[in-house]
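**Q** Here is my input; please provide its structure:
(2 chains)
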Amino acid sequence: MLKNENIKNNELVKLLVLFVISFLIIKIVFYRESFSISFLFVFSFFWNFVFPGFSLLYLYKEKLPFFERFIFGTITGLAIISIFSYYIGLVGIHVRYHTFFLPPLFIIIGIFLNYLIKKDII
Amino acid sequence: MFKYFVSKIKTEYIVLILFTILFLLFGPANLFNNTISHHFPHGYLAADSFVHQMNAEALKDIGNSDLMPFWRTGSLKYKTSPVYTPPLSLHLSVLLSETSGIEVYDTVYLQNFLFVLFSILALYLILKRFNKQVALYSLPITFLLFTNKFLSGFTWGQWDMYTGVVFLIASLYVLLNKNLKFWPILLAIFVSAAFMSHVVEAIWAVGFIIIYTLVQLLNKTLNWKTIKCLFLSGLISIMFTFNFLIIFLYLWLPGRKDQITHLVGRSVDSFGYPVPLFNDFGWLTIILIVGVVITIFLIRKKNNIAFLFSIYMFLAGFSFYIGFDKGAQTRMLWPLYLMPLFGVVLYFVFKKILKLKNIWKTLIPLVPIFLIFFVLEKPGSNQGIVSPELWDQITFINENVPDNKIVYYFYGDRYSQWSVLLNSKKTTILANTNDLIESLKNNRIKENYKIFVVGGGNSVGFERTSLFKFEKIDSEEENKGNPISPSLCNFDYFVFDKLSVNPPLVQYNMAIRNKLMENDWFEEVYSNNYYSILKNNNPGVKCVKE
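**A** Just a heads-up that it's a prediction; the model follows:
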């Protein structure tokens, strides 16, 4: 359990480090842009796609290396968030609200899936 | 100290970070003048880019991808119509915009470069399963995405493709990892997302899955469980794409079938955009040809999926010769798809010539990366079609013209890319340039010019009457319910360009303007050195004495 906790905390740290690295890359590349816009852009990308996707693919932590889960987790986040945004919009919830509940929803789903795997339920 | 530092941070990641910085510096940073946010749409060079932008704006305003707003329909009669274009890239750009506060015209453009970057890193990771060195050497050729005809995919607005490709490549990754739990669901997510981003990439994905499965069958590595899982994945994909699949099959496809396939092939010059040729790779073409030859010997190796995919997408780029037009568009991404071919050649060259220790073996791919970065001509920052003055004019219309009024544009140099005018979010008419030229030649100012109502699409004039049915509202109606040459006296606002590369046409503009101003119910509501906007306070009253 302690080892799993260490793995989890270490991965959170790695994810935050990746966030900082991504921000630095964006700030270097778009050096004429303000600090706040650069930060908000990176935050928006991580909040909407990276965190939900990484959470969903966390159940593969024993089988896939961290960086692969980061890349393909982000792509999973891009796919799942946008597909659900499409359908939730059709149901009647305005797209301006999607960013408030879709990412946390899939982060929670990812945590829940991981819990079910740990308990050997699925 | 250096060894300690290196032991803590993988050298590979240093290479990837440097590559990412140089890649973004080479492409989007140059195009966007090293800024993310702009005061108006920056770097938009063709109509298609504004169509994508305004589809995203429509989504942001209305809140869903169900119906178009009135200013998007291209019809004076139909105030709405079903949305039929792939929705995912629009939702992604709006989510980015809403969270960050950055305008949609910036996020919808910039996201394409991030998706391509993720596609490159995804294909890198897939190729890395074969050999890490080959994967590292495959990176430099991707800089060509921002050169010559390859660049036009970004600047001319072929944007849905860049969203679709990231999911296409992700589906390869799933095929490589069929030992993962729930892999059919993951495959379904990626194929569905590809379909809802740009249908063509989903077609390539399904085609490759079939071919890869056949290869496994020939190699006797295919089992019934895999076939059942692929079938299950297909069913889940149908579930994910259900609504858009119906729209595609019953609304989009009937109106576009002839535009996608022909019984005979087309030449590269017959498309409305520059189609890349194989020799657009310049002197790198030789490396790619050698790469194709080497790959043939690697096809039967383990973890060969990246090479198989590379050859597959190379051949896909020729499919328009046998009738599938979208194959030409696929070539825009050849520098990405052909990465493995480039990488494998450089790997053999460096392996035979240089025998280096571990850390330097990883760092040496930086040499071609830096070489290509500094040697290739970088794309320049191009303001694009929109100028500050044009944006000011469009913004004035957006903020001051009521939604139920119609804006009538006469000649303007930039209006050949008519979709830029959608930015006003008002019903907009554009006078036909040829008709203006004919009238100018005849020295005549008319009341009735041929017109084009800005906007439109295959779904205009249709309504969804049931889940699977789209019917024309008026069975007899043609031309989206628009008159061909209505009296301009019926409209509310008129925009005249004062400056142009065609002076006779703007002089004619001014002559029409002055004619209208002879009526005391016309007033000028906006004027600067570039544009004049008149308001008609009595629409319907005769205003031109011919």
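**Q** can we go C-alpha only for contacts and neighbour counts from here?
**A** Fine.
**Q** Just give the closest residue to the residue most central in space within chain A, not the sequence neighbours.
**A** Nearest residue to the geometric centre of chain A (CA atoms, centre = their mean): A:F51, 1.4 Å. Residue nearest to A:F51 in three dimensions, not counting chain neighbours: A:I107, with 6.7 Å by CA to CA, 6 or more residues apart in numbering or on different chains.
**Q** Isn't that neighbour up against A:P52?
**A** Yes. Assessed by CA atoms under 8 Å, A:I107 is found in contact with A:P52 at 4.6 Å.
**Q** on that earlier part again, for the residue nearest to the centre of chain A, give me its contacts.
**A** A:T74, A:G77, A:P103, A:I107 (CA atoms under 8 Å, 6 or more residues apart in numbering or on different chains).
**Q** Looking at these, which are in helices?
**A** Judged by DSSP state H, helices contain the following of these: A:T74, A:G77, A:P103, A:I107.
**Q** and the second one, how many neighbours?
**A** A total of 28 residues lie near A:G77 under the criterion other CA atoms under 10 Å in any protein chain shown.
**Q** How about the last one?
**A** Per other CA under 10 Å, the neighbour tally for A:I107 reads 20.
**Q** Please report the distance of it from B:M313.
**A** 35 Å (CA to CA, to the nearest Å).
**Q** Could you do the second one as well?
**A** According to CA to CA, A:G77 and B:M313 sit 25 Å apart.
**Q** Check B:V134 too.
**A** From B:V134 over to B:M313 (counting by CA to CA), the distance is 19 Å.
**Q** what does A:K118 give?
**A** Distance from A:K118 to B:M313, by CA to CA: 40 Å.
**Q** Next one, pLDDT for whichever residue of the stretch 401-546 of chain B sits closest to chain A please.
**A** Residue nearest to chain A within the stretch 401-546 of chain B: B:L467 (13.2 Å; CA to the nearest CA). B:L467 is assigned a pLDDT of 93 by the prediction.
**Q** what does chain A put close to chain B?
**A** A:25, A:28-33, A:37-38, A:40-41, A:43-45, A:48, A:60, A:63, A:68, A:71-72, A:75-76, A:78-80, A:82-83, A:85-86, A:89-90, A:92-96, A:98-99 (CA under 8 Å from any CA of the partner chain).
**Q** For PyMOL, what selects the buried ones among these?
**A** In PyMOL syntax, the buried subset of the residues of chain A next to chain B is picked out as below (16 or more other CA atoms under 10 Å in any protein chain shown):
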select buried, chain A and resi 25+28+29+30+31+33+37+38+40+41+43+44+45+48+60+68+71+72+75+76+78+79+80+82+83+85+86+89+90+94+95+96+98+99
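**Q** Filter the residues of chain A next to chain B down to the ones in strands?
**A** Using DSSP state E, no member of the residues of chain A next to chain B sits in strands.
**Q** And the longest helix seen in chain A, what's buried?
**A** Ordering each helix of chain A by length in residues (DSSP H) puts helix A:2-29 first. For helix A:2-29, the neighbour count (16+ other CA under 10 Å) marks A:L15, A:F19, A:S22, A:F23, A:L24, A:I25, A:I26, A:K27, A:I28, A:V29 as buried.
**Q** and B:E523, what element?
**A** strand B:522-527 (DSSP states H and E).
**Q** Provide the strand pairings for that strand, with the direction of each partner.
**A** strand B:531-536 (antiparallel) (DSSP bridges).
**Q** export the strand it pairs with as PDB, just CAs?
**A** The C-alpha coordinates for strand B:531-536 follow below in PDB (Å, rounded to 0.1, in the frame of the first residue of the first chain):
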ATOM      1  CA  TYR B 531     -14.700  52.000 -45.800                       C
ATOM      2  CA  SER B 532     -18.000  53.800 -46.000                       C
ATOM      3  CA  ILE B 533     -21.200  52.300 -44.600                       C
ATOM      4  CA  LEU B 534     -24.600  53.700 -45.500                       C
ATOM      5  CA  LYS B 535     -27.900  53.100 -43.700                       C
ATOM      6  CA  ASN B 536     -31.100  53.000 -45.600                       C
END
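**Q** ok, the residue of chain A most remote from its centre - contacts?
**A** Distance from the centre of chain A peaks at A:R32, with 27.4 Å (CA atoms, centre = their mean). The contact partners of A:R32, by CA under 8 Å, 6+ apart, come to B:N33, B:N34, B:T35.
**Q** what pLDDT does it get?
**A** With respect to pLDDT, A:R32 scores 97.
**Q** Could you report the pLDDT at B:S192?
**A** B:S192 carries a pLDDT value of 98.
**Q** Which helix or which strand is home to it?
**A** Element membership of B:S192, judged by DSSP H and E, is helix B:183-197.
**Q** Give me the residues contacting whatever helix or strand comes next after that helix.
**A** Counting by DSSP H and E, the next helix or strand C-terminal to helix B:183-197 is helix B:199-218. The set of residues external to helix B:199-218 that reach it, using CA under 8 Å, 6+ apart, is B:86, B:161, B:164-165, B:168, B:171, B:175, B:191-192, B:194-195, B:222, B:309, B:312, B:326.
**Q** same thing with stretch B:101-108?
**A** A:37, A:40-41, B:36-38, B:40-42, B:52-53, B:56-57, B:89-90, B:92-94, B:96-97.
**Q** What is the neighbour count of residue 65?
**A** Reading this off chain A. When neighbours are counted by other CA under 10 Å, A:P65 registers 10.
**Q** sorry, should have said chain B
**A** Neighbours of B:S65 using other CA under 10 Å come to 27.
**Q** And it, how far from B:M196?
**A** Using CA to CA, B:S65 is found at 12 Å from B:M196.
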